[in-house]
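J.: model the following, please.
(chains A and B)
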Amino acid sequence: MAADLSGIVIAPPTRKAKAAGVYRRFKRWPVIPVFFLSLVVFAGLFAPLLVPYDPDKFDLRDRNIPPAWSSGETAVKTVVEKVLINDRRSNVKLADAQEINPNAQIGDKIEVFIRPEGSTKFLLGTDHLGRDILSRVIYGARISLLVSVVTLAVGGTIGVTMGLVAGWYGGFVDEFMMRLVDIKLAIPLILIALVLVITLGQSLWIIVTVLCLFIWPRFARQVRGEVLQLKHMDYVSLAKVSGASTPRILFIHIFPGTINTLIVVATLQVGIVILLESTLSFLGAGVPPPTAAWGSMVSDGRDQLAAGAWWISTFPGVAIMITVMSLNWFGDWLRDTLDPRLRQLE
Amino acid sequence: MQKYLARRFLLAFVTLLSVSLIIFIMSRVSGDPRHIYLDDYSTQEDWDRMGEVLGLDKPYYQQYGIFLKGAVRGDFGDSVGEHRPVTEVIIERAPATIILGALAFAMSLLIGVPLGILSAVKRGSFIDTIGKLIALIGQSAPSFWLGIMLMFFFSVKLGWVPPYGKQDWNSIILPAITLGWYYAAANLRLVRSAMLDVLDSEYIKLARAKGVNSRTIILKHAFRNALIPPLTFAGVTLGALVTGSLVVETVFAWPGLGRLAIDALFSFDYPLLQGVVITFTLMYITAAFIVDVLYAYVDPRIRYA
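T.: Next comes the predicted model:
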């Protein structure tokens, strides 16, 4: 006899249970970092289609306009016939005053905007030359993207090859490479990088070359460690016995075994490359101006702080922070997912 | 132990040599140094005499020898911009950087280590969340931006501390926080994960089973072993603080070596630049060396490896 279930109502999930489900999903999958990273990649790829203005177009009449939601700032000033430089803070010219209030007379007190209101024309405001910050932040993603992709490709290839060779042959080659890594760790590399970039000329390619110096050792060390383990595997011996050439063994048999950890290392290294590139461009040794790069935009804003223009530095910095944070977050997730052994590292 | 030290020493020597070679090559690649020393009114005779004095008439490898010989004696020639010996300028500027670095280092330990322990012991608590936040910001926000944001809030908006330079005792607060934050974050993460590992180990379980109180377990049994990873990292930190000072000193116009290096670089003052780069490398190497020795002392596995 079947149980009578007609009276049982399955309760719809409560709001709390639903929220818990969503929370679990967010915890399990890296939704947030992937979202931000896609945003950055999208912005970088389609920058010309997305921006409201040309990022390099400047107009001094539009300088230092705050973001759209900012309400501007006013001050009460005295209307005078001629404003002396030293009295600019407290006095205003008659003609200017009459623009606001046609009845203004000399000697009147009048409320004047000392910082304009934000306008929807420039969503994130403008910088000291009147360039649209939103457009520049979007174009800045391009530079960061380009630099990190090229650096990763070149530096990663060099590092992986050196790691494979050092791990496989051992002996002198290995010793030499590990000492190179040690030297890299023992010098103030960012200072050397600055000197190289300034002396050899500021171009994208020189910056990429210099950044490769930073990242290859991490790859080399990682791969070397893996090769040391993998080279004693049976399938490697088998390949050797069947007469496979050394390059073939290295690239066809051993290299695929290292890919999991390489993906993790690469993700985390991109964050480092982006930080380094922005540091170089902040210090004035990045992609030459007026090209929009996040680091140099932050640097532009530093001199405008005293005037209260916080937005020039803030937004590009937020862009860097969100990108790097997403990369770290995503990298950590990848590490936990792809290879639990790696959790101990870093 | 002696073999280990000897190896480290040799490595330090090779490092210093390669840095000096790079910086020497760069100074020659950038052009004949006489162009910066002499002005438009100099004659060919001045040019030749200068070449003789600086040894520019000799082949490059001999010039490098001359440079090394001077460097060993602490003589890097005269600064082009300041018209006085490079060593003098460096000695004058070094204290500001050392004080800043020391304060930032102390801060990174005083904040990072206790917070790391608390985060591990009270996993998932409010403190753990705060710790995560500090670590997250520290590891992803570029320090130059962090500095500018702090400067805006605490100097421009609130007016609590001076924004630039080294004016009052409180000028150092913001630069030190900016410089130390990243390392505080790194220490926090390291201590936390090391503590979690140790707390999970058999000997801690034994101690707990014996009925040793929590406090003793954490401070005596767990903490000591959890100190090894941050100690390893301290070497990297000390060295990296030197580099970090480049950025922070630029943001806050702090009159130290970092600022000096950037100024020398952009004014093509190569003698000064050479001096600063070598000084930085020396500081870097010394810090790493001290930590290596300390590390070998703390962890016997290394000494006898």
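J.: so where is chain B shaky, pLDDT-wise?
T.: Scanning chain B for pLDDT under 70 picks out the ranges B:1, B:33, B:36, B:235, B:298-305.
J.: residue of it with the smallest distance to chain A?
T.: B:W145 (3.3 Å; Cβ to the nearest Cβ). For the C-beta atoms, the positions are set from N, CA and C on the backbone; glycine is no exception.
J.: can you get me a residue count around that residue?
T.: Neighbour count of B:W145, defined by other Cβ atoms under 10 Å in any protein chain shown: 29.
J.: cool, and B:G81?
T.: Neighbour count for B:G81, taken as other Cβ under 10 Å: 15.
J.: next one: B:Y284
T.: So B:Y284, with other Cβ under 10 Å, has 28 neighbours.
J.: quick one on the thing from earlier: for the residue of chain B closest to chain A, pull up the helix or strand it's in.
T.: Per DSSP states H and E, B:W145 falls inside helix B:143-151.
J.: my guess is B:G275 meets B:R84, correct?
T.: No - with contact defined as Cβ atoms under 8 Å, B:G275 does not count as touching B:R84 (11.8 Å).
J.: okay, the two: which has more neighbours?
T.: More neighbours surround B:G275 than the other of B:G275 and B:R84, with 29 against 11 (other Cβ under 10 Å).
J.: can you tell me the element that one falls in?
T.: With secondary structure defined by DSSP H and E, B:G275 is part of helix B:270-298.
J.: who are the packing partners of that helix?
T.: In terms of contacts (3 or more Cβ pairs under 8 Å, 6 or more residues apart in numbering or on different chains; DSSP states H and E), helix B:270-298 is packed against helix A:171-186, helix A:189-200, helix B:2-29, helix B:60-72, helix B:86-121, helix B:228-252, helix B:257-266, helix B:300-303.
J.: for those, give me JSON lines that also has mean neighbour count and distance to A:F282.
T.: Output for the helices and strands packed on helix B:270-298, formatted as JSON lines (neighbours: other Cβ atoms under 10 Å in any protein chain shown; distance: least, Cβ to Cβ, whole Å):
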{"stretch": "helix A:171-186", "mean neighbour count": "16", "distance to A:F282": "22"}
{"stretch": "helix A:189-200", "mean neighbour count": "22", "distance to A:F282": "11"}
{"stretch": "helix B:2-29", "mean neighbour count": "15", "distance to A:F282": "21"}
{"stretch": "helix B:60-72", "mean neighbour count": "14", "distance to A:F282": "30"}
{"stretch": "helix B:86-121", "mean neighbour count": "20", "distance to A:F282": "18"}
{"stretch": "helix B:228-252", "mean neighbour count": "22", "distance to A:F282": "7"}
{"stretch": "helix B:257-266", "mean neighbour count": "24", "distance to A:F282": "11"}
{"stretch": "helix B:300-303", "mean neighbour count": "11", "distance to A:F282": "38"}
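J.: which one of those lies nearest to B:V156?
T.: Judged by Cβ to Cβ, the one of these that comes nearest to B:V156 is helix B:228-252, at 13.0 Å.
J.: what about the closest one and chain A, touching?
T.: Yes - using Cβ under 8 Å from any Cβ of the partner chain, helix B:228-252 reaches chain A at B:236, B:239, B:242-243, B:246-247, B:250-251.
J.: same for that helix, what does it pack against?
T.: For helix B:228-252, the packing partners by 3+ Cβ pairs under 8 Å, 6+ apart come out as helix A:189-200, helix A:255-282, helix B:86-121, helix B:143-151, helix B:173-199, helix B:257-266, helix B:270-298.
J.: phi and psi next, for A:A104.
T.: Backbone geometry at A:A104, expressed as degrees, to the nearest 10, gives phi -60, psi 140.
J.: show me the helices in chain A, by range?
T.: For chain A, applying DSSP state H gives helices covering A:15-28, A:31-45, A:47-50, A:94-100, A:133-169, A:171-186, A:189-200, A:204-230, A:234-241, A:246-248, A:255-282, A:294-302, A:311-338.
J.: output the fourth one as CSV, restricted to C-alpha atoms.
T.: The C-alpha trace of helix A:94-100 is given here as CSV (Å, rounded to 0.1, in the frame of the first residue of the first chain):
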residue,chain,number,x,y,z
LEU,A,94,32.9,91.8,-11.8
ALA,A,95,32.4,90.4,-15.2
ASP,A,96,32.5,86.8,-13.9
ALA,A,97,30.1,87.7,-11.1
GLN,A,98,27.6,89.2,-13.5
GLU,A,99,27.6,86.0,-15.4
ILE,A,100,26.2,84.3,-12.3
